[in-house]
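In: For reference, the sequence and a predicted model appear below.
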Amino acid sequence: MPTIKEIKNQLSNKNISVQELYNVYYDKAKKSKLNSFNHLLDPEYNKENINSSQARYNEGKDLSLDGIPLGIKDLFCTKGVPTTASSKILEKFIPEYESHVTQNLLNDGSLFLGKNNCDEFAMGSSNETSFFGPVINPWKNKNNTDSQLVPGGSSGGSASAVAEGICVASIGTDTGGSIRQPASLCGVVGLKPTFGSCSRWGVVAFASSLDQAGPITNSVEDAAYLLNSISSHDPNDSTCSNHKRENFLEGVGKGFDRPITVGIPSDYLKDINSDIAEQIENTKKHLSKLNVNIVDVEFTTTDFALSTYYIIAPAEASSNLARYDGIRYGYRGCGNTLEEIYVNSRSEGFGEEVIRRILIGTYVLSAGYYDAYYRKAQKVRKLIKNDFQRIYNEVDFILTPTTPNEAFQIGEKLDPISMYMNDIFTVPTSLAGLPAISLPSGLSKNGLPLGIQLIGNYFQEKSLLQMASLLEKEFCFNE
Amino acid sequence: MSDINIKKVSYLAKLELNEEKAALYEKSLSEIIEWVDNLKKLDTEGVEPLHNITEKSQNLRNDEVLKENSTEQVLSNAPEKAQNFFRVPKVVE
Amino acid sequence: MNNDWELVIGLEVHAQLKTESKLFSSSPNQFGSDPNSNVNFIDAGMPGMLPVMNSGCIEKAIKTGFALNFQINSYSVFERKNYFYADLPQGYQISQFEYPILTEGFVEIETENEVKKIRLERAHLEQDAGKSIHDIDPKYSFIDLNRVGTPLLEIVSYPDFNSADEVISYLTSLRQILMYIDVCDGNMQEGSLRADVNLSVKKPNAELGTRCEIKNMNSFKFIRQAIEYESKRQIQVLESGGKIDQNTLLFDTSTGETRAMRSKEFAHDYRYFPDPDLLPVHIAEDQIEKVKSTIGELPQQKLLRYVNEFKLEKDIAKIIISEKAYAEFFENLISAKLIHPKLAASWLVGDIFSFIKEKDLQIVDIADKSSKIIQLLEMIEKGTISNKVAKDILIEILQKNKEPVLLVKELGLEQVSDNEELERIVEEALIGEEDNIKKFQSGSDRVLGYFVGKCLKATKGKGNPKVINDLLIKKLK
Ligand SMILES: [Mg+2]
Ligand SMILES: [Zn+2]
């Protein structure tokens, strides 16, 4: 797959026009059978943007993402373009405003190809909870080529579309692993930045203290291109950091001028299968070749991370989703009283998994249970954060698997808890708010992609991308 | 343990579950709550709950008016509206 | 009221803060606009919208903290109070719960025979809800979100009140203070100040009874009626052997009765939790000090000063300080130090207030006339015109905005203080009054009043009574 830099060279050299490039991707996306877009924007819709992008190339004044066709997870509010969160309750919703992140991308000249399918309100790890149907992973199990596999979730449409090559890159969101897990299962790169790097303004909220936007791309370098655009201070998001952002491209491809230590938590590797173990062993070899010092580390809180997450995230979600009541926008059920409208709009508008999470969240916050669950989880979250900080006194990065398994079949996992276990390696990082990247590291015995997760310290995205780019070169995954 | 009052929980969440669904969700919730109950094993005596990972202070806005949008834009997605109001069935207090 | 029973009342007062913009959005904080015209995407609870705290509200809370003797907390947290209502777009109200911005304050009120301290438990910042309008259409309610997000300071008292009088006295004083420090416009009709009344009754020395909460009243009159009705109701229930259900009540202004709101099966589980969209509020010591310097004089301090420094009578001083605008008007009259404060005060509380009341005006409506009133008062003080004439001229000033000096000249109303002329009049008045002169000389004061009146009549009211008085005494001795 061509990288952003390569495409920009082609555009600068007039080997292809912005219009032609857009048409190529648009046609591919239209023909795709993987259901990775909820909504496509035809070339006519984007005409003005295409023309002004071309004009900038003609003058040699192209912007950092000029003319690059991107997919946008259907969780970002895009002005005048349907934004559904893959839910019936927002099926007809057209925002009158543009999210901070997508506005940044537009300001940098990129073109939106459309809105990527995802799990409903980003609640899921397989993209099967979408009101618009499941997304299909472009990869096939070589020992069972008939079956259709999940792309992971919740940013499954983004990962599938990037892996299939129908958009250059996509912007997803990650709450407990929703960028990294699908990136791993689709063999692409997925970066979740530090909580507070990117504004949440205009992103349909799932769990406010965890949600973070990030890129899903074919290369580490592309991820750096996109992070440069989407990471910026926003006074409209009180939790968005106002520190000065670095140029994340600067370190990509360069060696470190200092010794680097990577910690591998032994407690993460306790029960992993042989495919996953092989990825870690393999990565260790590459790290040694790169003269990286590898040390064993051990967390004391890993066993409690999923429980903590499945209290905090649903609690916040139950409140964040209270605004979908059928009164001011979105789906309205029938009813002769206000009460009937609330109940019917919500019961008919939300899907099964969303209802489950709202119920969990309502329960853990309700009188008599708050201290035992919600407050307890907030305390454990503090311990998890402390646990990471203790380990970052000794290491520069932490290496773990991204997922406990390869992509599974659509419809295979039915019970919620085994679905939740998919995020076992990504959730602790989310709770701690740390930046983490998933890199495709190799294939399973079934010929399916697997990824490793590299976790950095707070706001160390630049060195994280640098380290990831060195490993990426070693893995040679795309060749 | 299953002291989950699914009727109360769904009432608070403004969700209506038929008998069959209520039973399914009650079972599912019980399993999940039992699963997360392992937190009880962890001693958190004296630990301050983490409010936000940022652990910083509030950024404040100046007390200024900005007119960012029109009434039409606020009402543009309304399922029912009349005379620049949102409209709902009669509310009796 | 049955003397065997004691009333125990606590108040929750919601004061709308007087700011330019809303608590968490930059929409105008304005009453009486067109429907849904002061609403932005945050107020409407649109997907992905986030609150950003208004610094002006913190400032007003700190001011209130000083004025009501609160402890101002350097750490406070916004939490979500979750419930569904048509005029609550987010499905939750952002409020403060575990860590309010103000705790443990007090207000002193005057009761019949003592000064009573009303203890305040807390005050916290929160958002107001929108309005549902039920009387436009028989089948539908209409929702206006203009009020959504208006900043409120909820001031919660301990159950320290024992009568409706005490409640009204407290509310009067609270309203006065909030208006003085420019935190609230005090406009009750527009709902800028609304009270929830928690009321129970008990026998002396008995434990607290079960209380009922009467919600959301915005008139002193109705609050008094509600307390009187509800306490009687509770006493009746208890005396007839019944028991009080803890209930939320509405006061029906048309019947003068309270009634229970439709109770809901599992109501009141608000599931408070810290709002993850907002970080805790930290208030630094220097910020508190900075705000302190902007507070100005509070009503009680003013009262003391008026009595001690200006020697005003307490009752008159009280009337003047009762509203900040009165006090400002008064202080403006005496600012140039041309007029004695007592003179200014008696004219303000007397003729000026009567005029305003009669014409249904506000003091601000005549603010532009104060320099003319000063001129008038100066002439009174110098004795250039008589009181009677001054009263007429005041009306001319207030009604027609005329120049007092010109008026006096124009109408030839200048007071006669010229000694020669008055001496002549006094001499004339004494002619043929030998009997009365004797009476005076034998000690009757009444006769002096008679002579003054006679002289004044002769001057057609323009004679200076004091000069006449002095001349008479001199002549009669
Ligand atoms: Mg109340
Ligand atoms: Zn309140």
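Out: In hand now; what should we look at? Ligands and ions are numbered 1, 2, ... in the order given.

In: Chain neighbours aside, what residue packs nearest to the residue positioned nearest the centre of chain B?
Out: For chain B, the residue nearest the mean C-alpha position is B:A13 (7.3 Å; Cα atoms, centre = their mean). Spatial nearest neighbour of B:A13, chain neighbours left out: A:T362 (4.5 Å); criterion: Cβ to Cβ, 6 or more residues apart in numbering or on different chains. Every residue, glycine included, has its C-beta placed from N, CA and C.

In: which parts of the helix or strand hosting that neighbour are buried?
Out: Assessed by DSSP states H and E, A:T362 sits inside helix A:352-365. By 16 or more other Cβ atoms under 10 Å in any protein chain shown, the buried positions in helix A:352-365 come out as A:353-365.

In: could you dump those residues to a markdown table with pLDDT?
Out: Converted to a markdown table, the buried residues of helix A:352-365 look like this (pLDDT from 0 to 100):
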| residue | pLDDT |
| --- | --- |
| A:E353 | 98 |
| A:V354 | 98 |
| A:I355 | 98 |
| A:R356 | 98 |
| A:R357 | 98 |
| A:I358 | 98 |
| A:L359 | 98 |
| A:I360 | 98 |
| A:G361 | 98 |
| A:T362 | 98 |
| A:Y363 | 97 |
| A:V364 | 97 |
| A:L365 | 98 |
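
In: Now do whatever residue of chain C ends up closest to ligand 1: how many residues are near it, please.
Out: For chain C and ligand 1, the shortest gap (Cβ to the ion) falls at C:D196, measuring 3.8 Å. Residues contacting C:D196 under the criterion other Cβ atoms under 10 Å in any protein chain shown number 18.

In: Grab the nearest non-local neighbour of the residue in the stretch 51-200 of chain C positioned nearest to chain A.
Out: With Cβ to the nearest Cβ as the measure, C:G91 is the residue of the stretch 51-200 of chain C nearest to chain A, at 2.4 Å. Once flanking residues are discounted, C:G91 sits nearest to A:A322: 2.4 Å by Cβ to Cβ, 6+ apart.

In: can you pull the contacts of that neighbour?
Out: When contacts are counted by Cβ atoms under 8 Å, 6 or more residues apart in numbering or on different chains, A:A322 touches B:14, C:82, C:84, C:90-92.

In: Next one: it from C:R80, what distance?
Out: Distance, A:A322 to C:R80, using Cβ to Cβ, to the nearest Å: 9 Å.

In: and for the two, which residues touch both?
Out: With Cβ under 8 Å, 6+ apart as the test, A:A322 and C:R80 both reach C:Y92.

In: could you pull out the helices for the stretch 51-200 of chain A?
Out: A:100-107, A:156-164, A:180-186 (DSSP state H, counting those that start in this stretch).

In: Of all those helices, which one is nearest C:G48?
Out: Closest to C:G48 of the helices of the stretch 51-200 of chain A, according to Cβ to Cβ: helix A:100-107, at 9.4 Å.

In: Just give me how far that closest one sits from the chain centre.
Out: A distance of 17 Å separates the centroid of the chain from that of helix A:100-107, by Cα atoms, centre = their mean, to the nearest Å.

In: Can that helix be said to contact chain C?
Out: No. Remark: helix A:100-107 sits outside contact range of chain C, by Cβ under 8 Å from any Cβ of the partner chain, the gap being at least 9.4 Å.

In: In terms of secondary structure, what does that helix contact?
Out: For helix A:100-107, the packing partners by 3 or more Cβ pairs under 8 Å, 6 or more residues apart in numbering or on different chains; DSSP states H and E come out as strand A:69-73, strand A:111-116, strand A:169-174, helix A:220-230.

In: Quick one: these as a markdown table, columns for mean pLDDT too.
Out: Putting the helices and strands packed on helix A:100-107 into a markdown table (pLDDT from 0 to 100) gives the following:
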| stretch | mean pLDDT |
| --- | --- |
| strand A:69-73 | 98 |
| strand A:111-116 | 98 |
| strand A:169-174 | 98 |
| helix A:220-230 | 98 |
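
In: can the ones you listed go into JSON lines with extra columns for mean neighbour count and distance to chain B?
Out: Shown next, in JSON lines, are the helices and strands packed on helix A:100-107 (neighbours: other Cβ atoms under 10 Å in any protein chain shown; distance: least, Cβ to the nearest Cβ, whole Å):
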{"stretch": "strand A:69-73", "mean neighbour count": "29", "distance to chain B": "19"}
{"stretch": "strand A:111-116", "mean neighbour count": "28", "distance to chain B": "16"}
{"stretch": "strand A:169-174", "mean neighbour count": "30", "distance to chain B": "14"}
{"stretch": "helix A:220-230", "mean neighbour count": "26", "distance to chain B": "18"}
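
In: Which of those sits closest to chain C?
Out: strand A:169-174 (10.8 Å).

In: Report the inter-axis angle for that closest one versus helix A:220-230.
Out: Angle of strand A:169-174 versus helix A:220-230, following axes from the mean of the first three to the mean of the last three Cα atoms, to 10 degrees, is 70 degrees.

In: Strand A:169-174 packs against which elements?
Out: strand A:69-73, helix A:100-107, helix A:156-164, strand A:189-192, strand A:212-217, helix A:220-230.

In: quick one: which of these is nearest C:F70?
Out: helix A:100-107 (37.4 Å).

In: Show me which residues of the stretch 51-200 of chain C sit near ligand 1.
Out: Residues of the stretch 51-200 of chain C lying near ligand 1 by Cβ under 5 Å from the ion: C:D196.

In: Walking through the stretch 51-200 of chain C, point out its helices one by one.
Out: Using DSSP H, counting those that start in this stretch, helices in the stretch 51-200 of chain C cover C:55-67, C:164-180.

In: Throw those helices into JSON lines and include mean neighbour count, thanks.
Out: Output for these, formatted as JSON lines (neighbours: other Cβ atoms under 10 Å in any protein chain shown):
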{"stretch": "helix C:55-67", "mean neighbour count": "22"}
{"stretch": "helix C:164-180", "mean neighbour count": "21"}
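
In: Save the ones you listed as TSV, and put in mean pLDDT too.
Out: TSV is the format used below for the helices of the stretch 51-200 of chain C (pLDDT from 0 to 100):
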stretch	mean pLDDT
helix C:55-67	97
helix C:164-180	96
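
In: Reformat the ones you listed as TSV; add distance to chain B.
Out: Below are these laid out as TSV (distance: least, Cβ to the nearest Cβ, whole Å):
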stretch	distance to chain B
helix C:55-67	3
helix C:164-180	17
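
In: quick one on the thing from earlier: part of a helix, is the residue nearest to C:G91?
Out: Yes. Remark: A:A322 belongs to a helix, assigned using DSSP: H, G, I helix; E, B strand; the rest coil.

In: still on that earlier bit, the helices and strands packed on helix A:100-107: which one's closest to B:L39?
Out: Of the helices and strands packed on helix A:100-107, nearest to B:L39 by Cβ to Cβ is strand A:169-174, at 23.1 Å.

In: thinking in terms of the whole chain, how far from its middle is the closest one?
Out: 5 Å.

In: now swap in stretch C:184-198 and tell me
Out: 11 Å.

In: cool, and stretch A:325-342?
Out: The answer for stretch A:325-342 is 32 Å, by Cα atoms, centre = their mean.

In: and if you look at stretch C:321-331?
Out: Worked out by Cα atoms, centre = their mean, stretch C:321-331 lies 11 Å from the chain centre.

In: buried stuff in it?
Out: So for stretch C:321-331, counting by 16+ other Cβ under 10 Å, buried means C:321-324, C:326-327, C:329-331.

In: And stretch C:321-338, how far out from the chain middle?
Out: 16 Å.

In: do the same with stretch A:8-16
Out: Worked out by Cα atoms, centre = their mean, stretch A:8-16 lies 29 Å from the chain centre.

In: Quick one: list the elements packing against the helix holding A:T362.
Out: Using 3+ Cβ pairs under 8 Å, 6+ apart: helix A:352-365 touches helix A:302-320, helix B:6-12, helix B:19-36.
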